[in-house]
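> this one's structure only:
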């Protein structure tokens with residue numbers, strides 16, 4: 001027993017020396033995260049897709065021009081291919097084509113029926129002169145202003161939205177130039193706007 005105390009004393013000194021000699025800066029510093037670099041393909045996937053707003057404007061105008069051409073032809077099925085297929089309240093037309101009386105037709109099905117009645121009263125070629133386009137930052141919603149000439153003529157505003165297939169579709173058209181209240185609101189802070 002006489003040697004047990006010095007043995008424990010030596011072991012204590014050795015352990016204390018090892019602790020004292022270890023790098024104390026690692027203990028005091030906070031844990032630093034490890035940074036791994038990603039492959040260039042992964043970085044490209046993370047980047048946001050660049051939007052070509054000029055091409056988007058061209059596509060919007062093309063859809064609306066075809067819509068006007070189909071009105072000129074009185075082709076109901078072709079007209080409705082340009083519309084967002086929904087019977088929700090945000091899909092509508094506002095017009096005064098029924099003997100000058102204001103009418104708002106809501107939903108894809110009723111819009112199609114509305115054209116049937118209007119074609120009994122009116123016809124001829126519809127022409128469009130574009131005045132301006134506004135597109136949101138994701139290129140998913142847009143408004144389009146134009147002058148139209150048909151059996152009646154005036155200014156219009158259209159709300160456009162991309163469908164599930166990422167194609168521009170008409171969501172709403174107000175042919176009344178706002179004479180019966182703002183039926184379609186302009187985009188707030190559009191990312192792209194032409195005069």
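Arrived safely. Since the structure is predicted, the reported quantities are computational estimates derived from the model, not experimental observations. Numbering: from 1, shown residues only.
> Heading C-terminal from the helix or strand that contains residue 156, find the next helix or strand.
Under the criterion of DSSP states H and E, residue 156 resides in strand 153-162. Proceeding N to C from strand 153-162, the next assigned helix or strand is strand 168-174, under DSSP H and E.
> if we look at that next one, which residues are touching it?
56, 59-60, 63-64, 67, 82-85, 90-95, 142, 156-163, 183-184 (C-beta atoms under 8 Å, 6 or more residues apart in numbering). For the C-beta atoms, the positions are set from N, CA and C on the backbone; glycine is no exception.
> one more time with 6 Å, if that's ok
59-60, 63, 82-84, 91-94, 156-163, 183-184 (C-beta atoms under 6 Å, 6 or more residues apart in numbering).
> Out of those, which end up buried?
59-60, 63, 82-84, 91-94, 156-162, 183-184 (16 or more other C-beta atoms under 10 Å).
> Now do the contacts for the residue most central in space within the chain.
Central residue of the chain (C-alpha atoms, centre = their mean): residue 140, 2.2 Å from the mean position. For residue 140, the contacting residues are residue 162, by C-beta under 6 Å, 6+ apart.
> Okay, domains of the protein per the record?
Split into domains by automatic domain parsing, the chain comes to 4-46, 53-193.
> Would you confirm that residue 142 contacts residue 158?
No. Shown here, residue 142 and residue 158 do not form a contact pair, counting by C-beta atoms under 6 Å, at 8.6 Å.
> measure residue 87 to residue 111 for me?
9 Å (C-beta to C-beta, to the nearest Å).
> what about those two, which has more around it?
A side-by-side neighbour count of residue 87 and residue 111, using other C-beta atoms under 10 Å, places residue 111 first with 21 against 11.
> and that one, that's in a helix?
Yes. Judged by DSSP: H, G, I helix; E, B strand; the rest coil, residue 111 forms part of a helix.
> Let me see the confidence value for it.
Listed pLDDT for residue 111 reads 96.
> is it true that it touches residue 92?
No. If you go by C-beta under 6 Å, residue 111 and residue 92 don't touch, sitting 7.1 Å apart.
> all helices of the protein, in order?
4-21, 24-28, 40-46, 53-72, 76-80, 108-121 (DSSP state H).
> hmm, back to that, could you say which of the domains of the chain is packed most deeply?
domain 53-193 (a mean of 16; mean count of other C-beta atoms under 10 Å).
> Figure out how far that one is from the centre of its chain.
17 Å (C-alpha atoms, centre = their mean, to the nearest Å).
> Now the terminal residues of it, how far apart.
9 Å (C-alpha to C-alpha, to the nearest Å).
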